[in-house]
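K.L.:
Generate coordinates for the sequence data below:
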Amino acid sequence: MQAAAMSALEAAAGVVPAGLATAVGSVAAFDGIAGARACLETRPKEGRGALASTREATGAAMTALAACVPMAAVALLELADPGLAFVAASLLAAAVANLLVMAAAPSDFVAAFAERRDLEFTWNKDTIRCVLEAVARVAIAQQAFATLGEDPVVSGLAAGAASVALVAAFQAYLCSVDGPPRADHPVNEDPAKVWREDKGVTVLQDRVYFNEKRVAAARKDITMAEVAKHNSRTDVWVCVEGHAYDLTKYVELHPGGWLPIANLAGRDVTDPFANYHPAPVYRSLLPNFYVGKIIDYKVSPFVKEHRDMRQDLLRRNQFETKRSFYVSMSIWYVSLLSAAVYFTVWGSSVAEHMAGAVFLALFWQQSAFFGHDIGHNAVTHVRKSDSWWGMVMGNITGGISLSWWKRSHNVHHVVCNSIENDPDIQHMPILAVDKEIFGSFFSTYHQRQIVTDAAARFLVAYQHILYFPVMAVARFNLYIQSYLLLFSGERIEYKATEVGTLAIFSGLLVAAMYNYMSSWQEGLAYLLLSHALAGVLHVQITLSHFAEQTYHGQAYNDETDEWFHMQVKTSLNVDCPLYMDWFHGGLQFQVEHHLYPRLPRHNLRDCRTLVRALCAKHGITYNELPFFEGIQRVIDKLHLTAKETRYLKLTDGGFYDSAIFHGANLLG
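P.N.:
Model (predicted):
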């Protein structure tokens, strides 16, 4: 009988259709029943009325019917078509198993399935998880159909029950990982207290903490004008919450590097400080540098409003990471890397090796988003553990130094699109994102003067044509930049580990090319294909800022370029459907990410609603375009700048005199 069933399915392109039918059927049955019970249990007990009772009775009858229909189908189909009998039996088992699971499950487990009553929403919201579950169900169904006895009904029952058990166990695990949801905190009405984030958990703190010795010597005549005078690497004062702090002795010890502090020297850094530091820093570190209260410090109504919005995000626990999200994503990353290794190592043809290159490119593109989250301490929210995970994902599997990324990226965030200060728009001699870059200036990041040369003028004149080719090879530049920093003499945290992990990546890549490619031509094709496809990431990154406003010098001068205004006008969102969030990895919400870099990726879409509303209320332009329109916006901006270049005279320029590899620091 099994042979007959196998023949029936193989005639319809193998056993995959049976597995797929089982998977789809069990999804529908499981999610439908789970959602039905969730609806019943979450609906208030009071005031249901006769209509509600009727709906519940109808729902129960439909659930029973869903279990009875496959039962009848099994008896009929086994006589007519063993293959269809397998599918019907699996659906029957899935329906019965779903009923048993949902009847025995605790209410908090059932509540986790409340959203799953809407299959379209579930697949949109948790696309990667649903794909992984469906693939696992297909695999279970295929294995059961091929190996369990000669009776397709028995194997179908086993497949259906196993599919439900898999999903139920996975959901139970995800529930246990996250734990019960935290209740929202009450509104804070004490002006001396503020909500802050500590390891991803919202805590209520004093707005300002004091060191007794420093308070005794504190000045009482400090003005913002005086703070502004201390604005260099060797003389750094900043304002936090209306108080002045002298960070001069701390600049070179700062874990994030000296550049972010130097670029904010003499400014009100209340917002960047809050968005980059956890709560303990306010209590244990900042008071040691206290100078005194600023007597003329004022907060405008708009600044207070956007700070209140951040307080509301904290109050509602939006900075807390859902670990279940990263469990699903980790399985996704491992699956992609495993596919890349399988086709690269065990593939026996050029086509299979190139398939490995494609999976490797997709792995690099996807895992970079995890590295981005880790680099911002937005996963565990503990700098040390996030750093170690970052070196695993960024260094060992990606070949890009976490320290290099942090050094450039932290600066980019606090002075986004500043011509003199933001390394992410300083890509000469290859790309110039604005004609303002043509003027001679000193790059604070590269620590040298920008001057002109003929090669740069030529390349920039055709940058709109060179854009995609540059993106295709940009990753090679990041390898070089990583090693240049590590051997530059700069103070690097975990330097030995950084060098060792990068060496592991290089060794593995070279070994794969040497041992598994049939020729050097095939190895070269593998490298070029994997890196070119991974270049999609660089397109996504440059899309976020290249076509947006630039400015000279520092920001945070007045209300027109304070934290919120500066981040919104220099960033571009990608308007994409919910089911494509996995592809963009959080970069599609660049505005919200720049405003709240420690906000977990999975909460950015909800935050977007708040930010857009605030922008609309105050007439602030909110930049957002579909993906391909955003790319065209970048190309148009590069083309416009290229045309400006062609009219330059030799004395008008202002380009890097560096070698080509100093350009294209494309990690936005």
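
K.L.:
going forward, measure contacts between C-alpha atoms and count neighbours the same way
P.N.:
Fine.

K.L.:
What is the helix or strand hosting A146 packed up against?
P.N.:
In the assignment (DSSP states H and E), A146 maps to helix 127-147. Other helices and strands packing on helix 127-147, by 3 or more C-alpha pairs under 8 Å, 6 or more residues apart in numbering; DSSP states H and E, are helix 16-42, helix 152-178, helix 323-345.

K.L.:
and whichever helix or strand comes after the second one, how far from the chain's centre?
P.N.:
The one in question is helix 152-178. Moving toward the C-terminus from helix 152-178, the next helix or strand (DSSP H and E) is strand 193-198. Taking the mean C-alpha point of strand 193-198 and that of its whole chain, the gap between them comes to 24 Å (C-alpha atoms, centre = their mean, to the nearest Å).

K.L.:
Grab the CA positions of strand 193-198 and hand them over as PDB.
P.N.:
Once non-C-alpha atoms are left out, strand 193-198 reads as follows in PDB (Å, rounded to 0.1, in the frame of the first residue of the first chain):
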ATOM      1  CA  LYS A 193      12.500  61.400  38.400                       C
ATOM      2  CA  VAL A 194      12.800  59.900  34.900                       C
ATOM      3  CA  TRP A 195      12.400  56.500  33.200                       C
ATOM      4  CA  ARG A 196      15.700  55.000  32.000                       C
ATOM      5  CA  GLU A 197      16.800  51.700  30.600                       C
ATOM      6  CA  ASP A 198      19.000  49.200  32.500                       C
END
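
K.L.:
in its sheet, what does it sit against?
P.N.:
Using DSSP bridges, the strands paired with strand 193-198 are strand 201-206 (antiparallel).

K.L.:
Give me the buried positions along the partner strand.
P.N.:
Of all the residues in strand 201-206, those buried under the rule 16 or more other C-alpha atoms under 10 Å are V201, T202, V203, L204, Q205.

K.L.:
looking only at pLDDT, what's the mean for that strand?
P.N.:
Per-region confidence: strand 201-206 scores 95 on mean pLDDT.

K.L.:
The helix holding A146: how far from the chain's middle?
P.N.:
Chain-centre distance of helix 127-147: 27 Å, with C-alpha atoms, centre = their mean.

K.L.:
That one to helix 323-345, inter-axis angle?
P.N.:
Using axes from the mean of the first three to the mean of the last three C-alpha atoms, to 10 degrees, the direction of helix 127-147 lies 60 degrees away from that of helix 323-345.

K.L.:
how close does the closest residue to W237 other than its chain neighbours sit to W258?
P.N.:
Leaving aside its sequence neighbours, W237 sits nearest to D246 (C-alpha to C-alpha, 6 or more residues apart in numbering; 4.5 Å). From D246 across to W258, the span is 14 Å (C-alpha to C-alpha, to the nearest Å).

K.L.:
Same question for S335.
P.N.:
Applying C-alpha to C-alpha to S335 and W258 gives a distance of 39 Å.

K.L.:
helix, strand or coil for G292?
P.N.:
Per DSSP: H, G, I helix; E, B strand; the rest coil, the local secondary structure of G292 is strand.

K.L.:
check contacts around it.
P.N.:
For G292, the set of contacting residues under the criterion of C-alpha atoms under 8 Å, 6 or more residues apart in numbering consists of V215, A218, R219, K220, I222, H243, A244, Y245.
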